[in-house]
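*Asks:* For reference, the sequence and a predicted model appear below.
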Amino acid sequence: MPRSRINANFIDKTFSIVANILLRIIPTTSGEKEAFTYYRDGMSAQSEGNYAEALQNYYEAMRLEIDPYDRSYILYNIGLIHTSNGEHTKALEYYFRALERNPFLPQAFNNMAVICHYRGEQAIRQGDSEIAEAWFNQAAEYWKQAIALTPGNYIEAQNWLKITRRFE
C-alpha cells in the first residue's frame, strides 16, 4: 500500500489530499505522476525519520522524473538525509548535483556551508589551523551565495561573516 494511504499525521493527510487533487487536474504524464507519488512518499518517510524508506522512494522518483527543476529537489532531499546520517561527503555531492539543476536553492548553499564550517571546527580541534581556515573560507563562499539569493535569511551566517571579516 502506498505510504500516502497510511499516513496518520493530519498535515501529511492534508498534503496528500491536495497533492492528489492537483495530480488529477494538472496535465501531467503518468510517469510524472508516479515520480511525484514516490517523491511525496519519500518526504513523508523522511519526516518520520525513516531514512532508508525515504531514500528508496527518492531514488525511484529520480528514475522516473525528467524535469531538472523537480530533480533538484529530490537530490536536495537525498542530501538532507546524508547530512542527518553524518555522511557529509555524500551530502555535499547531492547538494552539488541539486545546484547543477537549479542554482537557486539557497538552502543547499547553506547546508554546504554548515558542513564546511563543521569540518573547519573539526580541523581546529585536531590542531590544523591551515586546513580549518580553508574549510572556513569555503563555508564563507557558500554562505555568501545563499545570502545573495535570500538577503533577509541566514542572519547568524551573516553575523559570522562580519565577525570573521569574510563579508564584503
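*Replies:* That came in fine, so what should we check first?

*Asks:* Only C-alpha atoms from now on, for both contacts and neighbour counts.
*Replies:* Fine.

*Asks:* can you list the weak-confidence ranges in the chain?
*Replies:* 1-28 (pLDDT under 70).

*Asks:* if you set the cut-off to 90 instead, what comes out?
*Replies:* Within the chain, the ranges that satisfy pLDDT under 90 run 1-33, 37, 167-168.

*Asks:* domains for it, by residue range?
*Replies:* Domain segmentation of the chain under the TED database yields 28-89, 103-167.

*Asks:* residue ranges for the strands of the protein, please.
*Replies:* Assigned by DSSP state E, the chain shows no strands.

*Asks:* Point me to the residue sitting farthest from the middle of it.
*Replies:* Distance from the C-alpha centroid of the chain peaks at residue 127, with 30.9 Å (Cα atoms, centre = their mean).

*Asks:* Give me the phi and psi angles of that residue.
*Replies:* Phi and psi for residue 127, reported as degrees, to the nearest 10, are phi 80, psi 20.

*Asks:* so what's it up against?
*Replies:* By Cα atoms under 8 Å, 6 or more residues apart in numbering, residue 127 lies in contact with nothing.

*Asks:* just use 677 as the starting number from now, easier for me
*Replies:* Shifting the count to begin at 677 puts that one at residue 803.
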